[in-house]
Structures are given as structure tokens and as C-alpha cells.
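K.L.:
Kindly return the folded structure for what I paste below:
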Amino acid sequence: MTEDIILQLISANIVWLLITLLVVIVIFRGVKIVPQSEQYVVERFGKLHKVLGPGINLIVPFLDVVRHKISILERQLPTASQDAITKDNVLVRVETSVFYRIVQPEKTVYRIRDVDAAIATTVAGIVRAEIGKMDLDDVQANRNQLIATIKGFVEDAVDNWGIEVTRAEILDVNLDQATRDAMLQQLNAERARRAQVTEAEGTKRAVELAADAELYAAEQTAKARRIEADAEAYATSVVAAAIAANGLEAAQYQVALKQVEALNALGNSPSSNTILIPAQALEAFGNAFNMLRGRG
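P.N.:
Numbering: from 1, shown residues only. This next block holds a predicted model:
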């Protein structure tokens with residue numbers, strides 16, 4: 001009897017233990033805690049059922065299975081290099097880098113096998129196509145525009161994969177040595193041409209300034225001569241007006257005044273001790289003195 005009770009107790013304990021184990025398994029299989037940086041893709045009977053977001057999620061144990069755990073953090077593809085030929089037939093090697101993140105894990109899981117390789121191949125094709133439309137100088141000068149164009153085309157291409165391209169970069173555009181040498185020669189020639197143009201412009205400016213200086217000097221000389229001529233004309237007009245007003249007496253008076261001034265200057269000369277004056281001159285000077293005395 002005692003053995004039967006013990007067996008019954010043991011059986012009851014085993015049952016409760018199994019029930020407890022089953023409850024633990026159900027809880028473990030039915031409750032999923034998803035980290036903030038991930039999303040879980042859940043399948044039911046091998047078919048997509050739903051996507052679990054960050055936090056605590058409940059699923060049906062044994063029916064629902066977490067098949068894929070996808071990180072939604074931003075990713076960077078390894079730096080890739082691809083050859084491309086520009087519109088003016090120059091071979092260049094372009095180094096690119098792409099940043100992306102998964103926004104729809106169900107598309108990424110079921111529509112593409114190797115997402116990194118697929119994006120890298122897409123970027124390479126787009127880079128070759130876009131550079132083939134541009135000359136080498138445009139590739140170097142319009143890099144930002146080229147990056148924006150590549151990013152736009154890549155976004156359109158990967159849209160069905162549930163991917164968001166956050167950034168695309170062209171790290172470097174390398175040329176072969178022959179092209180570099182040719183560009184260096186062209187650069188040196190352009191620098192020499194600019195130097196010659198600058199020197200020619202300087203010479204031209206110097207000639208223009210010299211011509212302006214000569215013209216200014218000529219204008220000033222002509223102006224001085226014109227002022228002198230105006231003064232002489234004014235003096236002549238004054239004398240003519242005086243003669244017209246006073247008649248011949250005024251003219252004789254001016255002549256007598258000049259004769260006396262000339263005599264004073266001759267007398268005051270330090271190199272002349274003796275002055276010989278003809279009789280006619282003495283008579284003229286006498287008349288001049290008399291005229292001056294009469295005017296006074």
C-alpha cells in the first residue's frame with residue numbers, strides 16, 4: 001500500500017514537472033524580446049508571417065518561427081574600385097563607397113541573396129554609365145553633382161530590396177601615368193600662356209599710361225599758351241582802347257615810358273661805366289622826359 005502511494009506521488013510529481021517544463025518551453029518559444037537595433041522575420045509553416053520590431057513580442061509557439069534576425073543599423077560597403085571611360089576617351093579608376101541600411105527586412109530576406117554584392121555591382125554599373133556621359137574635366141569639377149546622380153540611381157535600383165541608401169561617396173578619381181603627364185604639360189602650357197598674357201597686358205597698360213601722361217602734358221602746355229595769348233590779347237586790347245580814347249598822345253606816352261625804363265636799366269648795369277648815347281637818342285629821351293613831366 002505504501003509503495004502504491006509513493007508511486008502515485010512520484011507519478012504526480014512527474015506530471016507536474018512535465019507541465020511546468022511545457023509551460024517554460026511555451027513561454028520561451030512564444031515570447032520574443034527584440035533588441036533596438038534589430039528586427040526579426042517570423043515564418044509560419046515556411047511562409048512569411050510578420051516582422052517583429054524592438055521590444056517584447058508574442059508569437060504562437062511551435063507554429064511561428066523566427067527565421068531571420070536582421071540588423072537595421074547603417075552599414076558601409078567596402079571601398080570599391082572600378083574602371084570607367086569618360087566621354088573624351090580617358091580611362092579613369094574610380095573609388096566609391098556606399099552607406100545603406102535595411103528598412104524592410106522582409107524584402108531584403110526574400111528578394112536578394114547577397115545584398116552587399118548586389119549593391120556593389122549596381123554602383124559599379126551606374127558609375128561607369130554616368131562617367132561615360134561626362135568629359136574628364138567635368139568629372140573633376142562636378143563631383144558633387146555626380147555623387148548626387150549616382151545616389152539617386154542606386155536608390156531607385158535597390159528600392160525593391162527594402163534598402164535605403166543614406167550616402168554615396170566618390171573617394172578618388174585616379175588617372176594612368178600617361179594621362180597625368182599630358183595633363184601636367186597642359187597645365188604648364190596654360191600657366192605660361194597666362195604669364196605671357198599678364199606681361200602683355202602690363203606692357204599695354206604702361207604704354208597707355210605714358211601716352212596719357214604725354215597727352216596731359218600737351219594739354220597743359222596748350223592751356224598755358226592759351227592763357228598767355230589771352231593775356232597778350234587783353235593787354236593789346238587795353239592799349240588799343242587807350243589809343244582810341246586819347247589818340248596819338250597816349251601812344252607817344254607809352255613809347256616815352258619804355259624809353260626811360262630802358263635808359264634806367266642801361267644805367268644800372270654793373271658792367272657799364274660809360275654810356276655813349278647818340279644825339280638823336282638824347283633828343284628822344286629829352287622829349288620823353290618832357291612828356292613824362294607833363295603827364296605828372
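
K.L.:
for the stretch 51-200 of the chain, what are the low-confidence residue spans?
P.N.:
Applying pLDDT under 70 to the stretch 51-200 of the chain flags the ranges 180, 183.

K.L.:
quick one, strands of it?
P.N.:
In the stretch 51-200 of the chain, the strands defined using DSSP state E, counting those that start in this stretch lie at 55-58, 64-71, 75-76, 80-85, 91-102, 163-175.

K.L.:
Can you lay out the ones you listed as a markdown table showing mean neighbour count and distance to Lys47?
P.N.:
Glycine gets a C-beta too; all of them are placed from N, C-alpha and C. As requested, the strands of the stretch 51-200 of the chain are exported to a markdown table (neighbours: other CB atoms under 10 Å; distance: least, CB to CB, whole Å):
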| stretch | mean neighbour count | distance to Lys47 |
| --- | --- | --- |
| strand 55-58 | 12 | 18 |
| strand 64-71 | 16 | 10 |
| strand 75-76 | 14 | 28 |
| strand 80-85 | 15 | 36 |
| strand 91-102 | 18 | 20 |
| strand 163-175 | 16 | 23 |
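
K.L.:
could you dump those to CSV with distance to Lys32?
P.N.:
Below are the strands of the stretch 51-200 of the chain laid out as CSV (distance: least, CB to CB, whole Å):
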stretch, distance to Lys32
strand 55-58, 5
strand 64-71, 6
strand 75-76, 24
strand 80-85, 36
strand 91-102, 19
strand 163-175, 24
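
K.L.:
out of those, which comes closest to Ala233?
P.N.:
strand 163-175 (79.9 Å; CB to CB).

K.L.:
Cross-check the contact I'm expecting between Ala157 and Thr122.
P.N.:
Yes - Ala157 is within contact range of Thr122, at 4.8 Å (criterion: CB atoms under 8 Å).

K.L.:
what do the two both touch?
P.N.:
With contacts taken as CB atoms under 8 Å, 6 or more residues apart in numbering, Ala157 and Thr122 have no neighbour in common.

K.L.:
follow-up on the earlier one: show me the one of the strands of the stretch 51-200 of the chain that comes nearest Val26.
P.N.:
Here strand 55-58 is closest among those (CB to CB), at 10.9 Å.
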